[in-house]
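Asker: Model the following, please.
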Amino acid sequence: METGRIYPRADFAEKEVCGASLKLSVITQAGQSRGVKIGVYLLPMRCILCVLALPAVAAAQWIHHTDAGVPRLQNGQADLSAPAPRTADGKPDLSGVWNRISPKYRANIAADLKPGDIRPTARKLVEERTENLGRDSMSAHCLPAGPAYATDADSTAGGMMKIIQTPAMIVILNPDLTYRQVFMDGRKLEDAPNPSWMGYSVGHWDGDTLVVESNGYNDRSWLDTTGHPHSEALRITERYRRRNFGNLELEVTYSDPAIYARPWTVAVRAELAPDTDLIEYVCGEEHTDVGHWVGKASDEAGSEAKIAPAILARYAGTYIEQPPLWRIAPRTVVITFEDGILYGNLDGRGKERQYAGSETAFSGFNGLGLEFIRDSQDAPVGLYIKHVSGDYRFAKK
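Answerer: Next up is the predicted model:
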């Protein structure tokens, strides 16, 4: 490993992917090697998903630099609630490095749709991709996420973005070296575009809102990590509004009549990351994950422990993440018990069956473990969501 380099997500000096533990050796920003031993809590077929769930070790560059023109509080930190800046021509200035926040729609872009809104062939394809543990996803094969960047979050490849704004063009850069060009010169979208990963984009201002229209995507990418497909007829409209200095609001409308019965809109946001810059992420540098991507989602049912319904029913409720957080905003887990089955809904992505390994330990959140915390009377008071990076505690409301 390279001294002085910040190693994101799946960079390890030593790893036992499907063994009892995973050993990491991380080169810190001070150039010191830090060893971490982390338990792997899930079944062997899920191990590779645990590795992919590891967050970036650090999200900072130019650590001794502070951005000029940033309003500051008395303690020197950026005042994210200050008024949004404007360019010389009076338009809102969207420039900056932003943390995308979209835990719900990154995983399930169709979370707000009804089953009938999705064509049967598309629903079947999503089921197949889920059963195959997403081994054909863009991230598994080091391919661009295409239209999914708009709602990306919690990923090394696209969890951050850098916006560079000029009157004639706005450029959006991603850590994985992909980019978007939004032409602001009045041109119209291509009528017969050459299908590509990142598509074609044109923009205009509607008052203080930037409106971006895009088409021309190839049909090889997914709209989310669950595997919702799209056709080459996909059309996307994004509406960006900088609410204040530190917060960017985004509404994304999808229209794809070949796959979905109606257009729909999702709302996500981003938070400014001042005094830093993007850290380059090149997926193909050590790309060996797919060879270990084995098993099926349904394999977990075969080894599920039998737990009394009365015990499972006690876990129902809402659980809120406590500091230290996985990322920027606290996550929410809603546990329900229906027809003898325990379900979990993480950030509104949709219900996912939880498979018991014991009375308190479960799996089922796309490769994440779950363990309930009980008091001396065996009443649930919280839970842990288990990543390779550690256990994240949630308190029961």
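Asker: Asn345 touches Glu352, doesn't it?
Answerer: Yes: counting by C-beta atoms under 8 Å, Glu352 is a contact partner of Asn345 at 7.2 Å. Glycine gets a C-beta too; all of them are placed from N, C-alpha and C.
Asker: I'd like to know how far the closest residue to Arg135 other than its chain neighbours sits from Pro167.
Answerer: In this structure, Arg135 finds its nearest non-sequential neighbour in Trp293, 4.3 Å apart by C-beta to C-beta, 6 or more residues apart in numbering. Counting by C-beta to C-beta, to the nearest Å, the gap from Trp293 to Pro167 is 46 Å.
Asker: now do Ile101
Answerer: 28 Å.
Asker: quick revisit: quick one, which of Trp293 and Pro167 is more surrounded?
Answerer: Trp293 (18 against 11; other C-beta atoms under 10 Å).
Asker: which residues sit in contact with Ala107?
Answerer: For Ala107, the contacting residues are 224-226, 346-347, 349, 366, by C-beta atoms under 8 Å, 6 or more residues apart in numbering.
Asker: Turn the residues you listed into a markdown table, including distance to Ala273 and pLDDT.
Answerer: As requested, those are exported to a markdown table (distance: C-beta to C-beta, whole Å; pLDDT from 0 to 100):
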| residue | distance to Ala273 | pLDDT |
| --- | --- | --- |
| Asp224 | 23 | 96 |
| Thr225 | 22 | 93 |
| Thr226 | 27 | 94 |
| Leu346 | 24 | 94 |
| Asp347 | 21 | 93 |
| Arg349 | 24 | 92 |
| Asn366 | 26 | 70 |
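Asker: so where do the helices sit in this structure?
Answerer: For the chain, applying DSSP state H gives helices covering 47-52, 103-107, 120-131, 299-302, 309-314.
Asker: Export the ones you listed as a markdown table, with columns for distance to Thr209 and mean pLDDT.
Answerer: Output for these, formatted as a markdown table (distance: least, C-beta to C-beta, whole Å; pLDDT from 0 to 100):
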| stretch | distance to Thr209 | mean pLDDT |
| --- | --- | --- |
| helix 47-52 | 35 | 42 |
| helix 103-107 | 20 | 92 |
| helix 120-131 | 31 | 96 |
| helix 299-302 | 45 | 85 |
| helix 309-314 | 47 | 97 |
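Asker: With distance to His230 added, can I get those helices in TSV?
Answerer: Listed next are these as TSV, based on distance: least, C-beta to C-beta, whole Å:
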stretch	distance to His230
helix 47-52	23
helix 103-107	14
helix 120-131	9
helix 299-302	29
helix 309-314	37
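Asker: just these: most buried one?
Answerer: Compared across these, helix 103-107 shows the largest average neighbour count, a mean of 24 (mean count of other C-beta atoms under 10 Å).
Asker: picking that back up, the residue nearest to Arg135 against Ala140, yeah?
Answerer: Yes: the pair Trp293 / Ala140 is scored as a contact, 6.6 Å apart, by C-beta under 8 Å.
Asker: so what's Cys142 closest to, chain neighbours aside?
Answerer: Cys283 (3.7 Å).
Asker: how deep is the one you found tucked in, by neighbour count?
Answerer: 20.
Asker: Can you give me the buried ones in stretch 333-341?
Answerer: 333-335, 337 (16 or more other C-beta atoms under 10 Å).
Asker: Can I get that stretch as PDB, trimmed to CA atoms?
Answerer: Extracted in PDB, the C-alpha atoms of stretch 333-341 (Å, rounded to 0.1, in the frame of the first residue of the first chain):
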ATOM      1  CA  VAL A 333     -35.200   1.600  10.600                       C
ATOM      2  CA  VAL A 334     -38.900   0.500  10.900                       C
ATOM      3  CA  ILE A 335     -39.400  -3.100  12.000                       C
ATOM      4  CA  THR A 336     -42.700  -4.800  11.400                       C
ATOM      5  CA  PHE A 337     -44.000  -8.300  12.200                       C
ATOM      6  CA  GLU A 338     -46.600  -9.600   9.700                       C
ATOM      7  CA  ASP A 339     -47.900 -13.100   9.100                       C
ATOM      8  CA  GLY A 340     -45.100 -14.600  11.200                       C
ATOM      9  CA  ILE A 341     -42.300 -12.800   9.300                       C
END
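Asker: Any chance you could list what contacts it?
Answerer: Contacts for stretch 333-341 (C-beta under 8 Å, 6+ apart): 309, 312-313, 315-319, 342-347, 351, 353-354, 370, 383, 385, 394.
Asker: Pretty sure Thr276 is one of the things Val97 touches, is it not?
Answerer: Yes: using C-beta under 8 Å, Val97 is in contact with Thr276, at 6.1 Å.
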